[in-house]
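1. here is a sequence with its predicted model. Questions after.
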Amino acid sequence: MDEKTTPKKTRRVGTLAFALVLILAGVLLMLYQIVPTFNLLQIVKFSPVILIVLGIEMLVYSAKPDVLVKFDWLAMLGTAFTLCVVGAAALLPLAVSEWGPARSSAISRIETEKVDALYSALTADPELKAKTGYCGVNVWFNHGAGGSYTLQSGDDCVLNTTLTGPYADAESFAADCIGIMQLAADKDLGFTSYHFSSDEDTDDGISYYLDCVASYPAGLTAAQVAQRVTESYHYDGSSFSSEADRDEYIKTRLRDDIAEEYANAHDDVYPDDDYVDAEVERRFNEQFGIATPESAAE
């Protein structure tokens, strides 16, 4: 007669870990209700400990000969749920640190303080302060803030400034840019880079731009810094990267207008190129006040 076989106990994988997740979640939520100042983030960052419990559970019950470890679809579902919860909980403090309201508030506060400090520094140069229009600061934390949001080495603090001209040339624009950067350095405002632009008439004028890191202008003259200044030429709502491109655009439009005017006055007979070229030059010089031998004789 066969001996009776002792039936093995069945143990579904993840049962203990899943129960632990539920218990801890309930305890922490109740604690938060009782003590609103309780910092959940300081606790949930240790949630990977639950994965250790899950691993120990599997090792212990797998080593017991009288226990049948069951890993069916329900066990896989519970384990997957536990992994998702633990992973999300572990990443939550990092997400809050990177995108939470405390970080945004700190950035906004620092940006406002920097703008106020710059205007205060510009009080030493009233003429330059009068030319300083829009001022804005952009701050990026590149270090592990860890709940303390202050500017540290490696962070970015960028000053964006629009200067009101008019400026005669790039060198005079560069001189004002250097003046602002020097005042900011004297007051130790901590800007890491600068973006300057001139507020000119976009219908018919020239805009100047200067982008540089804070250390760039040290030891350079305005003429040397002006070599880094870029220009944008405007005409009739369009912008051009060079004066030659702008002039070519204007002359092309004048050429079309002159040809149409001549044809309308001469029964659709169009003028020859010599007439058009001469008339284009005359009107162009007249529009921009460029002296010609004919205008000088008058």
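-> That came through fine.

2. which residues touch residue 135?
-> Counting by C-beta atoms under 8 Å, 6 or more residues apart in numbering, residue 135 touches 115, 118, 119, 159, 160, 161, 162. All C-beta spots, glycine's among them, are computed from the backbone N, C-alpha and C.

3. what does the second one show for phi and psi?
-> With angles defined as degrees, to the nearest 10, residue 118 shows backbone torsions of phi -70, psi -50.

4. strands along the stretch 151-298 of the chain, start to end?
-> Counting by DSSP state E, counting those that start in this stretch, the stretch 151-298 of the chain has these strands, from start to end: 156-164, 193-199, 204-213, 230-235, 238-240.

5. how about those strands in JSON lines, adding distance to residue 22 and mean pLDDT?
-> Shown next, in JSON lines, are the strands of the stretch 151-298 of the chain (distance: least, C-beta to C-beta, whole Å; pLDDT from 0 to 100):
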{"stretch": "strand 156-164", "distance to residue 22": "44", "mean pLDDT": "94"}
{"stretch": "strand 193-199", "distance to residue 22": "51", "mean pLDDT": "92"}
{"stretch": "strand 204-213", "distance to residue 22": "53", "mean pLDDT": "89"}
{"stretch": "strand 230-235", "distance to residue 22": "62", "mean pLDDT": "86"}
{"stretch": "strand 238-240", "distance to residue 22": "63", "mean pLDDT": "79"}
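
6. can you add mean neighbour count and distance to residue 181 and give those strands back as a markdown table?
-> Putting the strands of the stretch 151-298 of the chain into a markdown table (neighbours: other C-beta atoms under 10 Å; distance: least, C-beta to C-beta, whole Å) gives the following:
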| stretch | mean neighbour count | distance to residue 181 |
| --- | --- | --- |
| strand 156-164 | 18 | 9 |
| strand 193-199 | 20 | 6 |
| strand 204-213 | 18 | 8 |
| strand 230-235 | 17 | 17 |
| strand 238-240 | 14 | 26 |
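
7. Serialize the ones you listed to CSV and add fields for distance to residue 124.
-> Written out in CSV, the entries for the strands of the stretch 151-298 of the chain read as follows (distance: least, C-beta to C-beta, whole Å):
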stretch, distance to residue 124
strand 156-164, 16
strand 193-199, 18
strand 204-213, 21
strand 230-235, 29
strand 238-240, 35
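
8. ok, which of those comes nearest residue 255?
-> When these are compared for distance to residue 255 using C-beta to C-beta, the nearest one is strand 230-235, at 15.1 Å.

9. residue 47 sits in which helix or strand?
-> Using DSSP states H and E, no element contains residue 47; it sits outside every helix and strand.

10. list the residues that contact it.
-> The neighbours of residue 47, taking C-beta under 8 Å, 6+ apart as the test, are 85, 86, 89, 90.
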